[in-house]
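**Student:** pasting the sequence and the predicted coordinates here, then a few questions.
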Amino acid sequence: MNTKLILPFVLISTLALAACENSSDAPETPDPDAGNPEAFAEPFEETDTPSETMSAEEMQQRREEIEEDAQQTFESIMEETEETGDNLVQMGDDAMSALSEQMTSASDAIAVQIDGLVANAAEVRDDNMTDEQKLQVVANVRNAAEEAARALGQSPQEVIAAGDTAEERTREVLGLE
């Protein structure tokens, strides 16, 4: 960053803020002598301001202190911003990992469901089953696999794919081609 551009603004802002701190509130009751030079016959003493004027070296030193403070503040803000960005990236990565795990676990759950359905179809298989009965078993297994996929929040394409896989494997187990 170009600190030569930022630091004069910081210096001006700091001086303006310091000037604002010395303001006083308006009196509650208007003074009828306001504006009358004789009303100010007593010398006015300011207790908050230094009685001496700053030398050129003191002003230079004060300016350098203000510039250093501004640079440290700027660097601190940049570090915090960078940390916040890193944290956001990490949160995004964590969310993607969690989503990926959910998708994997959903796919695994569907595969387990299909395995169980096909195993059940193999158990009910009988050499005396008619093709119509076998097709009914295939349809039931397909419907059950599709319902399991829907229950796990799968997309319509994934639901159909689960049904296709279940049907194909059940036809194979039952000897249908």
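**Tutor:** Here it is on my side, so go on.

**Student:** least trustworthy helix or strand in the protein by mean pLDDT?
**Tutor:** Sorting the helices and strands of the chain by mean pLDDT, DSSP states H and E puts helix 3-21 at the bottom, at a mean of 65.

**Student:** which strands and helices sit next to the strand or helix carrying M91?
**Tutor:** For M91, the enclosing helix or strand under DSSP states H and E is helix 56-124. Other elements packing on helix 56-124 under the criterion 3 or more CB pairs under 8 Å, 6 or more residues apart in numbering; DSSP states H and E are helix 3-21, helix 131-151, helix 156-174. C-beta coordinates here come from the backbone N, C-alpha and C atoms, glycine included.

**Student:** could you measure from A111 over to V141?
**Tutor:** 14 Å (CB to CB, to the nearest Å).

**Student:** more neighbours, the two?
**Tutor:** Comparing A111 with V141 by other CB atoms under 10 Å, the one with more neighbours is V141, at 24 against 13.

**Student:** give the contact list for the more buried one.
**Tutor:** Contact analysis of V141 by CB atoms under 8 Å, 6 or more residues apart in numbering lists L117, V118, N120, A121, A166, E167, T170.

**Student:** and it, how far from M91?
**Tutor:** Distance from V141 to M91, by CB to CB: 41 Å.

**Student:** excluding chain neighbours, what is closest to R150?
**Tutor:** V159 (5.5 Å; CB to CB, 6 or more residues apart in numbering).

**Student:** in this structure that neighbour contacts N143, no?
**Tutor:** No. Taking contacts as CB atoms under 8 Å, V159 lies outside contact range of N143: 10.8 Å.

**Student:** who touches the closest residue to T165 other than its chain neighbours in this structure?
**Tutor:** Sequence neighbours aside, I114 is the residue nearest to T165 in space, at 5.8 Å (criterion: CB to CB, 6+ apart). Contacts for I114 (CB under 8 Å, 6+ apart) come out as A145, A148, A162, T165, A166, R169.

**Student:** output those residues in JSON lines, with pLDDT and neighbour count appended to each entry.
**Tutor:** What follows is those, written out as JSON lines (pLDDT from 0 to 100; neighbours: other CB atoms under 10 Å):
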{"residue": "A145", "pLDDT": "90", "neighbour count": "27"}
{"residue": "A148", "pLDDT": "87", "neighbour count": "22"}
{"residue": "A162", "pLDDT": "91", "neighbour count": "25"}
{"residue": "T165", "pLDDT": "91", "neighbour count": "17"}
{"residue": "A166", "pLDDT": "90", "neighbour count": "27"}
{"residue": "R169", "pLDDT": "89", "neighbour count": "20"}
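
**Student:** now for those residues, which pair is the farthest apart?
**Tutor:** Spanning the widest gap among the contacts of I114 are A148 and R169, at 14.1 Å by CB to CB.

**Student:** hang on, the earlier thing: tell me which of the helices and strands packed on helix 56-124 lies nearest to M54.
**Tutor:** The nearest among the helices and strands packed on helix 56-124, by CB to CB, is helix 3-21 at 11.9 Å.
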